Structures are given as structure tokens and as C-alpha cells.
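# No letters, just coordinates:
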Ligand code: SAH
């Protein structure tokens, strides 16, 4: 598959839809305009890739809705060279958005099939996260901590303590918390011990699964 003018036109329209839904950060909107979402989906979804919808990506997982991706990206406030941890690589679409914003991205996926296929896809496309890890993101990535930002792209039953402890002071954790539906939650680390917490509305994600091994 290629990226054509037609795809670019559809991305601009999608960016407009997302702006109309209330996303203000130009960086998030521009990233949506830049990243060719149709290439992250099975070719059978090509015609639908620029609708503001989630789609199946195999292994019972989904690529997040573009509005949700933009919403989380806006909350994360990524700056160039920020060290960002993503839990739930999935299709790699959110990873590519973070890379477009020039973050140094560390990303974890616990489904082996998705981990492998997205790694191959990234190699082919020239997307270069600092690290792609096959494992349980519930525990974060202590050997690479602390992070400027942590983004969780699956619904967590509760906020994992390890993720909070792996934030720099001033760092931001964006995580959907809940079982049936999730409250988008933003934590900002104010000091070693203090976190500011803000709840930002309801979303629906596939569940963040904790490894029992
Ligand atoms: N950002 C992805 C979202 C995929 S859905 C995209 O836009 O394509 C959420 C992903 O989180 C799934 O791929 C799922 O396998 C993964 N996941 C669930 N629990 C996890 C865990 N404990 N650690 C790492 N990844 C996890």
C-alpha cells in the first residue's frame, strides 16, 4: 500500500473532525495529519482508516480511535527529546504519533503476535522507537526510568504504582482507569511524593491485562 494525495486529503478531513470534537493542541492535530493510519490497518480496512473509529488489529485488540489518540497525546504534552513510555504498542499507530513529535519512545506489548508484526512493520517503514519490549507493561520499564511521560493505551482496573514511581518530577502519566468503561486520568508528578490527579472524561478501551506468570 502507498500513501497518496487522496489519503492525505482524508487525513486533513479527519484532523478537522477531531478539532471539531475539541482537541486544541496543534501538535496533536498535525501528528494526525502526518501519520498514514491506513498503513497500520489490514488492507481490508483501507477505505475506513480515516473514519474516527477504532478497528480490530488481530489478537482481539484494536487500534485506538483517532480522537482518543489525539486526546491522550494532547494530555501528555510531548516535547522533542522527551523520554516517553507507551504501554500497549498494538498496531503502533500511537507510537508513530509520538515519534512524529520527536519523542524517544519505549513501548511495551504483551501479545506476542502483535509485538512481532508491529516490529516487522516498523523496520519496514523506518519507524525507530528506542526500544520495543515484549512483556507486561503493568510493571513499566524500571531499567529505563524515569520518564517525562507515560501513556497507557489499554483500560487499567487501577493505576499501577510502578508507573507512577517511574515518572520524573514534572512528568505526566495518562491512563484510562476502569473496568467496563474508563475515566481518562492524568497524573502530574509534583515532587517525589506528590501527584496531582485530574479526571478527564469517559472512554472505552480493551483491558490492560496483568501477567499472572
Ligand atoms: N496504541 C495501540 C492500542 C492497542 S489496544 C494502537 O493504537 O494500536 C491496547 C494494547 O495493549 C493491545 O495491543 C494489548 O495487547 C496491549 N496490552 C494489554 N495489556 C498489556 C500489558 N499488561 N502490557 C503491555 N501491553 C498490554
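Structure received. This one's a predicted model, so the numbers in the text were calculated from it and none came from an experiment. Numbers count the residues shown, from 1 in each chain.
# got any ranges where this protein has weak pLDDT?
Across the chain, the ranges flagged by pLDDT under 70 are 212-213.
# How about the residues of it by the ligand?
Proximity of the chain to the ligand is confined to 57, 61-64, 87-88, 90-91, 93-94, 108-111, 114, 136-138, 153-154, 206, 208-209 under the rule C-beta under 6 Å from any ligand atom. Yep, even glycine has a C-beta here, placed from its N, CA and C like the rest.
# Out of those, which sit inside strands?
Among the residues of the chain next to the ligand, DSSP state E puts 57, 61-63, 87, 108-109 in strands.
# Quick one: buried ones out of those residues?
57, 61-63, 87, 108-109 (16 or more other C-beta atoms under 10 Å).
# Which single one of the residues you listed is nearest to residue 158?
Comparing those against residue 158 with C-beta to C-beta places residue 87 closest, at 13.9 Å.
# burial of the closest residue to the closest one other than its chain neighbours, as a residue count?
Among residues not flanking residue 87 along the chain, residue 137 sits closest, at 3.2 Å (C-beta to C-beta, 6 or more residues apart in numbering). By other C-beta atoms under 10 Å, 29 other residues sit near residue 137.
# My read is that residue 137 contacts residue 106, right?
No - if you go by C-beta atoms under 8 Å, residue 137 and residue 106 don't touch, sitting 9.9 Å apart.
# Name the single longest strand found in the chain.
Per DSSP E, the chain has its longest strand at strand 167-177.
# Can you show me the strands along this protein?
55-58, 61-63, 83-87, 104-109, 131-134, 147-152, 167-177, 182-189, 195-203.
# who touches the spatially closest residue to residue 24 that is not a sequence neighbour in this structure?
Spatial nearest neighbour of residue 24, excluding adjacent residues (C-beta to C-beta, 6+ apart): residue 74 at 7.0 Å. Contacts for residue 74 were tallied using C-beta atoms under 8 Å, 6 or more residues apart in numbering; they are 23-25, 28.
# cutoff 10 Å now
18, 22-29, 174, 200 (C-beta atoms under 10 Å, 6 or more residues apart in numbering).
# now those as JSON lines including neighbour count and distance to residue 52?
Below are those laid out as JSON lines (neighbours: other C-beta atoms under 10 Å; distance: C-beta to C-beta, whole Å):
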{"residue": "18", "neighbour count": "23", "distance to residue 52": "7"}
{"residue": "22", "neighbour count": "11", "distance to residue 52": "12"}
{"residue": "23", "neighbour count": "20", "distance to residue 52": "11"}
{"residue": "24", "neighbour count": "9", "distance to residue 52": "17"}
{"residue": "25", "neighbour count": "17", "distance to residue 52": "17"}
{"residue": "26", "neighbour count": "10", "distance to residue 52": "18"}
{"residue": "27", "neighbour count": "17", "distance to residue 52": "19"}
{"residue": "28", "neighbour count": "25", "distance to residue 52": "14"}
{"residue": "29", "neighbour count": "20", "distance to residue 52": "13"}
{"residue": "174", "neighbour count": "21", "distance to residue 52": "19"}
{"residue": "200", "neighbour count": "15", "distance to residue 52": "18"}
